[in-house]
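S.K.: What follows is a predicted protein model with its sequence.
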Amino acid sequence: MNTYQNYDTIIIGGGPAGSTAATLIAEKGYRVLLLERYAEPTFKIGESLIPATYWTFKRLGMLDKLRASHFPQKFSVQFFTRTGKATNPFYFFDTNPHESAVTWQVLRSEFDQMLLDNAAEKGVEVRRGISVRKVLFEGEKAIGVVAQGRPPRDGNNNLETIHGTVIVDSTGQRSLIGRQLDLNTIEPNLKKASLFTHYEGGHRDEGIDEGATLILHTKDKDSWFWSIPLPYNRTSIGVVGELDYLLQNRREPDGKLNAQKIFDEELQKCQPLKQRLEGAKQLYPIQTTKDFSYRASRIAGENWVLIGDAFGFLDPVYSTGLFLALKSGEMAADAIIEAFRENDFSETRLGSFGQTFVNGMEAFRKLVYAFYTKEFSFARFLSEYPQHLGGIVDILSGDVYRRDVTHIFPAMSKVCYFPPEVPLGSATQ
Ligand SMILES: Cc1cc2nc3c(=O)[nH]c(=O)nc-3n(C[C@H](O)[C@H](O)[C@H](O)COP(=O)(O)OP(=O)(O)OC[C@H]3O[C@@H](n4cnc5c(N)ncnc54)[C@H](O)[C@@H]3O)c2cc1C
């Protein structure tokens with residue numbers, strides 16, 4: 001095993017959360033190493049941005065790059081009821097007459113690479129094809145990582161120990177530190193699964209609706225589809241439902257899963273989407289993921305921080321994952337820079353952004369529970385409480401840190417049950 005040098009910050013994982021934190025810390029002159037396990041850009045799910053990402057992109061210097069990209073512009077999200085009726089689109093500019101009301105639908109292989117290139121331009125040492133096996137601790141204090149290049153060389157396991165003052169876990173759902181320290185709690189009421197692929201061709205709306213995300217219920221409201229327009233005339237299509245409904249209870253007599261068959265059966269129950277996909281070509285075999293919602297009980301410890309999906313993952317219905325990844329990356333970077341200034345890498349200092357971050361996540365979480373309440377519909381809710389349209393559009397836009405959106409929940413809780421949130425703890429609790 002080789003032992004290498006000391007970095008100010010080691011970022012584990014080169015997704016949007018990791019690139020964001022790395023860029024902002026390196027910009028302040030600190031020595032930042034980012035390790036990404038894949039040697040090349042890869043297919044990833046999670047392709048729809050929400051408008052509030054604008055502010056993090058601005059700090060990262062990414063706006064011009066995104067404007068110059070071929071990613072479709074997204075002005076709205078539109079829901080379809082179980083009867084196939086299209087409800088009025090939620091246009092983000094309705095509550096926010098600013099250029100930040102327009103966002104993008106991204107191909108993740110290209111988008112994640114753009115963020116990594118930007119990080120490298122801003123001084124981050126980016127190493128691809130390096131997988132972190134574990135985080136090293138001395139007592140409670142994180143002191144470095146054991147990393148492995150692949151493929152291992154003959155007779156050499158290709159392991160290296162790298163030391164860093166702050167270790168940031170941005171490994172996504174791999175959740176390296178969360179698993180190592182057993183921090184994660186699954187949301188018992190949001191055990192979902194998802195099947196997805198890309199199509200080429202098919203029918204899209206025109207004008208500013210062309211780039212919209214569509215969320216379509218199937219006819220019994222047992223599942224829902226997303227439709228996200230992408231470059232190259234592609235559309236990302238996926239279906240989400242209860243794990244038992246979508247996968248566990250649908251096994252073939254031999255116990256195997258036929259993902260294509262399940263996907264086709266669900267599509268059959270979603271006529272508006274089926275019509276849009278007429279003549280379109282499915283590009284990949286159906287992929288499956290069990291996207292349980294979960295969250296860690298701590299966001300930081302002595303010399304370590306969790307960001308993005310490594311801290312928590314919320315159901316994909318409102319496309320909040322990328323925003324939360326970027327936002328937590330940004331908030332963690334500010335906390336880490338402050339920690340270096342004060343020479344204080346305690347849990348309190350590094351996790352100082354935690355409760356604010358969780359409060360924003362909580363607004364999304366409540367709206368997720370509303371979506372899965374069979375008796376709830378946005379159209380019905382808004383006909384009774386038209387004054388809450390702004391609050392809903394603010395949440396769908398991601399404006400949960402800049403505006404108070406909590407005023408919509410007392411009325412919503414008359415129809416929906418919101419389970420208590422997991423409190424944010426610390427090592428001493
Ligand atoms: C079905 C589904 C649909 C979704 N749709 C949307 C959507 O439309 N919009 C949206 O905003 N979000 C969506 N999401 C969520 C979104 O994909 C994630 O929230 C987002 O990718 C989180 O970013 P991240 O940087 O935290 O993690 P990731 O993007 O997962 O990045 C983590 C990185 O760490 C690397 N890594 C992992 N382990 C190691 C290791 N040991 N060593 C080194 N590197 C490692 C991985 O290779 C990866 O590149 C969806 C999620 C699911 C499951």
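M.R.: Sure thing, it's come through.
S.K.: In this structure, which helix is the longest?
M.R.: Among the segments of the chain that qualify as a helix by DSSP state H, the longest is helix 321-342.
S.K.: how about that helix: buried residues?
M.R.: Buried residues in helix 321-342, counted by 16 or more other C-beta atoms under 10 Å: 321-337, 339-340. All C-beta spots, glycine's among them, are computed from the backbone N, C-alpha and C.
S.K.: Any stretches of this protein with poor pLDDT?
M.R.: Of all residues in the chain, those with pLDDT under 70 make up the ranges 1-4, 151-153, 291, 428-429.
S.K.: near the ligand, which residues of it?
M.R.: Of all the residues in the chain, those in contact range of the ligand (C-beta under 6 Å from any ligand atom) are 12-18, 35-38, 44-48, 131-132, 170-172, 174, 176, 194, 238, 289, 291, 308-310, 316, 319-323, 325.
S.K.: so what secondary structure elements neighbour the longest helix of the chain?
M.R.: Using 3 or more C-beta pairs under 8 Å, 6 or more residues apart in numbering; DSSP states H and E as the contact criterion, the elements in contact with helix 321-342 are helix 16-27, helix 53-60, strand 159-169, strand 304-306, helix 347-350, helix 354-371.
S.K.: Which residue, other than its chain neighbours, is closest to the residue nearest to the spatial centre of the chain?
M.R.: In the chain, the centroid-proximal residue (C-alpha atoms, centre = their mean) is Gly321; its distance is 2.0 Å. Taking C-beta to C-beta, 6 or more residues apart in numbering as the measure, Gly321 lies nearest to Gly46, with 5.2 Å between them; neighbours along the chain are not counted.
S.K.: Now for that neighbour, how many residues are close by?
M.R.: The number of residues packed near Gly46 is 22, by other C-beta atoms under 10 Å.
S.K.: secondary structure class for Phe196?
M.R.: strand (DSSP: H, G, I helix; E, B strand; the rest coil).
S.K.: how deep is it tucked in, by neighbour count?
M.R.: Phe196 has 22 neighbouring residues, counting by other C-beta under 10 Å.
S.K.: same check, this time on Gly149
M.R.: Residues within reach of Gly149, counting by other C-beta under 10 Å, total 19.
S.K.: residues in contact with it?
M.R.: Under the criterion of C-beta atoms under 8 Å, 6 or more residues apart in numbering, the contact list for Gly149 reads 129-130, 158, 160.
S.K.: same question, Gln275
M.R.: Gln275 neighbours (C-beta under 8 Å, 6+ apart): His203.
S.K.: The closest residue to Gly351 other than its chain neighbours and Ser293, how far apart?
M.R.: In space, Gly351 comes closest to Ala300 once its chain neighbours are excluded; the distance is 3.2 Å by C-beta to C-beta, 6+ apart. Ala300 is 21 Å from Ser293, where distance means C-beta to C-beta, to the nearest Å.
S.K.: so how far is the helix or strand encompassing Leu33 off the chain centroid?
M.R.: In the assignment (DSSP states H and E), Leu33 maps to strand 32-36. In terms of C-alpha atoms, centre = their mean, to the nearest Å, the gap separating the centre of strand 32-36 from the centre of its chain is 20 Å.
S.K.: more neighbours, Ala300 and Ser293?
M.R.: Each of Ala300 and Ser293 had its neighbours counted (other C-beta under 10 Å), and the higher figure belongs to Ala300 (33 against 19).
S.K.: now the helices and strands packed on helix 321-342 in CSV, with distance to Tyr385 and mean neighbour count?
M.R.: Converted to CSV, the helices and strands packed on helix 321-342 look like this (distance: least, C-beta to C-beta, whole Å; neighbours: other C-beta atoms under 10 Å):
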stretch, distance to Tyr385, mean neighbour count
helix 16-27, 34, 29
helix 53-60, 28, 20
strand 159-169, 40, 22
strand 304-306, 36, 31
helix 347-350, 40, 18
helix 354-371, 12, 20
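S.K.: Do I have it right that the residue nearest to the centre of the chain meets Phe313?
M.R.: Yes - the criterion here is C-beta atoms under 8 Å, and Gly321 meets it with Phe313 at 6.8 Å.
S.K.: quick one, phi/psi of the closest residue to the ligand within the stretch 51-200 of the chain?
M.R.: Among all residues of the stretch 51-200 of the chain, Gly172 sits closest to the ligand, at 2.3 Å; criterion: C-beta to the nearest ligand atom. With angles defined as degrees, to the nearest 10, Gly172 sits at phi 70, psi -150.
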